[in-house]
Each structure stands twice: as C-alpha cells, then as structure tokens.
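>>> With the sequence up front, the predicted model follows.
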Amino acid sequence: MTNFISQKSILPRQRLIMALDVPTSDQARQLVTTLGDSVGFYKIGMELFMAGDYFQLIDWLKQNDKQIFVDLKFFDVPATVARAIDSLSQRGVDFATIHGNQSIMEAAVKTKGDLKILAVTALTSLDQGDLDDLGFQCSIEELVLSRARRAFEAGCDGVISSGLEVPRLREEVNQQLLVVSPGIRPVTNRQEDDQKRVVTVTDAFNNGADYIVVGRPIRDAEHPAEMALSIQQQIADVFTSQSN
C-alpha cells in the first residue's frame, strides 16, 4: 500500500486549523480563549469578515501567537486580486485562499510575499450531483486534479482539497504542494451537516493531507478544549506510528 503521509517538517500540533465560524469577533475571541493552548492555528472566513473588526481580530490573534488562515476565496480580475493579496501580505497572515483561473492565481503569486497562497479545488459541500447541475462535465476527482495541477503551475503554495481526493493528488501532482483538507469529522455525525465529502482525522492524514480544518466538531462540543486535544492526540498518533 502506498504511503502518502506528509513528510513536511510541520509539528503535529500545528497541523490542526480551527475554523472560527462564529457570528462576531467577541465570540471568536471567547472561543480562542477557551481553547487556550489546544489550538495554535485559526481560519477566519466570510462570516467574521461581515461582522466587522476583521483586521483587529487578525492583530489580536497575532498578539496571542496564533497562526492565521484568511479564507476569503479571493476572486476578481487579476489586477484586483494581486492588489488585495499584496495588502494582506503586509499583515503577517500565514495562509490565504484564492479562486479562479490561471491568470488570477499567477497574479496572486506575484504579490504574496511570505504569505502562502492556497487555491480552492472543489468545495467539500459539493457532490457529483452539484457539479452536474453547475455544468461540469467531469468527476469531482478530475476537477480537483485539474485545478491542483494548474495551481502548481501558477506557483501557488498549496490547495484546499477534501481528504477523499488527496491520494490521487499526491500521486499526480508535485509532493511539495501543501494540501489543506476541510470537511473533517472526528466521528460520524451527519445530522444538520452541509458537508458532503467528509473524512476522519486519521484518514485525512493517511491520505496525504498536510493540514486539516475542523470547525463545528470543536466549536459545538460540550468541552471544546477537550475535543481539540483529542484531535491533537489523533494527529500525534498518526505521525508517531509513521516514525516507528
């Protein structure tokens, strides 16, 4: 069986990215404080962007020694995306997502500085029926592979991909490409869940993910810090077994 486990020099506890999918900056700060040292990397997306104080929250996370993933999926004419990425790169953010075609990705890469650019492949809330409705005449796996190849050619640092497609991605796209996998569920629980293409923590890393994004399973847990630590232990177990 092919071993796809990430060989990149990333500490296991840095591989968990917590999605701050909450309505207000105050709630985000409260959740980060509750989680304490159990999480060191946070994703902040459109919900918090619309709530106001987005950049103040970024500054606060940096002051608390957290890594930051800005998930706004920049998509516009290349020159506009380039300027937006240039501005964001001055704020000490670690990751940012972009969408779009080759020229958009290339424009973002030119102005990214130390910021790592991640190209979106296919949202984990989409299944094959959704792609058919959108007019894509290919499978989800084929779409993910195509977008990943183009992202690598454009100079992007990585991609966002469901853990389901990562093994093929690892086989056919350069190993240095970072892969961040959302749609992670520590246990099977599909009630009121809009994520359709999900995998477990262990499966995501065994399939070749470098990072995972977890939101609701931590946020909605009775004891969020305990849930985060449980996920951290699952990650550590994967990489400990790999080194033995």
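Here it is on my side, so go on.
>>> what's the spacing between the lengthiest helix in the chain and its chain's center?
For the chain, the longest helix by residue count, based on DSSP state H, is helix 224-243. Computed by C-alpha atoms, centre = their mean, to the nearest Å, the chain-centroid distance of helix 224-243 equals 18 Å.
>>> ok, which stretches of the chain are helices?
Counting by DSSP H, the helices of the chain are 25-35, 46-51, 54-63, 78-89, 102-110, 128-134, 140-154, 166-172, 201-206, 216-219, 224-243.
>>> rewinding a little: who does the longest helix of the chain touch, helix- and strand-wise?
Applying 3 or more C-beta pairs under 8 Å, 6 or more residues apart in numbering; DSSP states H and E, we find helix 224-243 packed against strand 16-19, helix 25-35, helix 201-206, strand 211-214, helix 216-219. Glycine gets a C-beta too; all of them are placed from N, C-alpha and C.
>>> Tell me which of these sits nearest to residue 43.
strand 16-19 (4.6 Å; C-beta to C-beta).
>>> which residues touch the closest one?
With contact meaning C-beta atoms under 8 Å, 6 or more residues apart in numbering, strand 16-19 is reached by 35, 39-43, 45, 67, 69, 71, 180, 182, 211-216, 218-219, 228, 231-232, 235.
>>> Sheet partners, orientation included, of it?
When pairing is defined by DSSP bridges, strand 16-19 lines up against strand 41-44 (parallel), strand 211-214 (parallel).
>>> could you give me the average pLDDT of the first one?
It stands for strand 41-44. Average pLDDT, strand 41-44: 98.
>>> again with stretch 213-226
Stretch 213-226 comes out at a mean pLDDT of 95.
>>> how long is that stretch end to end?
With C-alpha to C-alpha, to the nearest Å applied, stretch 213-226 spans 17 Å between its terminal residues.
>>> same deal with stretch 161-181?
End-to-end distance of stretch 161-181: 5 Å, with C-alpha to C-alpha as the criterion.
>>> Okay, now the unreliable bits of this structure?
1-2, 122-138, 140-141, 186-198, 243-244 (pLDDT under 70).
>>> And the residue nearest the centre of it?
The residue lying closest to the centre of the chain (C-alpha atoms, centre = their mean) is residue 180, at 4.3 Å.
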